[in-house]
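Colleague: sharing a sequence plus its predicted fold:
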Amino acid sequence: MATRLILQKIFKTGMVSEPMPEADLSMRTHEQELHDEILKVFGQAVAIRHVDAGSCNGCELEIHALGGPHYNIEGAGIKFAASPRHVDVLLVTGPVSRHLEIALKRTYDATPEPKWVIAMGDCGCTGGIFGETYATCGKVANVIPVDVEIPGCPPTATALLQGILAAIRTSR
């Protein structure tokens with residue numbers, strides 16, 4: 001009985017998701033060139049460590065989108081790693097909460113040189129709506145040096161990919 005009611009509701013409601021975005025063919029055509037450039041600069045794939053310093057998880061949804069088939073970030077030679085000791089780039093989201101300040105500094109110190117830091121989202125770039133309060137240190141740059149900032153609330157997956165590429169290209 002419950003299954004029938006659920007199915008009736010589904011058919012009555014119809015599709016509620018957004019239409020699939022148009023494919024960005026320019027990104028697809030440059031994927032192999034990008035992969036070659038990454039191998040030339042680093043000699044290997046670029047590894048990223050994501051650090052959630054207190055975000056609302058809006059930015060994380062866009063990060064997860066990069067791993068899907070539409071963006072295929074791993075096909076370009078960019079992968080995510082669990083340990084800061086094995087990465088080239090730190091991707092930090094959210095305003096840095098006071099509780100995570102020391103953890104973020106330790107993560108930064110554990111990342112081998114050369115390293116790049118990307119602050120993602122309005123909260124990571126400016127402190128966002130939270131600013132600098134008793135509970136937050138504000139923007140990421142208040143705690144560790146930042147190389148690239150990607151503004152937006154949240155920034156699109158395309159903007160995130162462009163920010164990652166900007167960090168990689170500054171390594172030359």
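Modeller: Thanks, I have it.

Colleague: what strand or helix carries the residue nearest in space to the middle of the chain?
Modeller: Residue closest to the mean C-alpha point of the chain, counted by Cα atoms, centre = their mean, is Ile63 at 4.2 Å. With elements taken from DSSP states H and E, the one containing Ile63 is helix 58-66.

Colleague: just for this protein, where's the confidence low?
Modeller: For the chain, the stretches flagged by pLDDT under 70 are 1-2, 15-35, 37-43, 170-172.

Colleague: how about the strands in it?
Modeller: Remark: strands assigned in the chain by DSSP state E are 46-52, 78-80, 89-93, 96-97, 116-120, 136-138, 148-150.

Colleague: what strands flank the shortest one, and is each parallel or antiparallel?
Modeller: Looking at strand 96-97 with DSSP bridges, its partner strands are strand 136-138 (antiparallel).

Colleague: cool, the third one as well?
Modeller: Here strand 89-93 has these sheet partners by DSSP bridges: strand 46-52 (parallel), strand 116-120 (parallel).

Colleague: what would these look like in TSV with mean neighbour count and distance to Ala159?
Modeller: Every C-beta, even on glycine, is put in place using the N, C-alpha and C of the backbone. TSV is the format used below for these (neighbours: other Cβ atoms under 10 Å; distance: least, Cβ to Cβ, whole Å):
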stretch	mean neighbour count	distance to Ala159
strand 46-52	20	15
strand 116-120	25	9
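
Colleague: now render the ones you listed as TSV, adding distance to Glu132.
Modeller: Listed next are the strands paired with strand 89-93 as TSV, based on distance: least, Cβ to Cβ, whole Å:
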stretch	distance to Glu132
strand 46-52	19
strand 116-120	14
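
Colleague: rewinding a little: hang on, isn't the residue nearest to the centre of the chain packed against Leu161?
Modeller: No. Ile63 lies out of contact with Leu161 (Cβ atoms under 8 Å); the separation is 10.3 Å.

Colleague: okay, now Ile10: neighbour count?
Modeller: Counted with other Cβ atoms under 10 Å, residues neighbouring Ile10 total 11.

Colleague: tell me the spacing between it and Arg4.
Modeller: Ile10 sits at a distance of 11 Å from Arg4 (criterion: Cβ to Cβ, to the nearest Å).

Colleague: over to Ile48?
Modeller: Distance, Ile48 to Arg4, by Cβ to Cβ: 46 Å.

Colleague: swap in Ile168?
Modeller: Per Cβ to Cβ, Ile168 is found 53 Å from Arg4.
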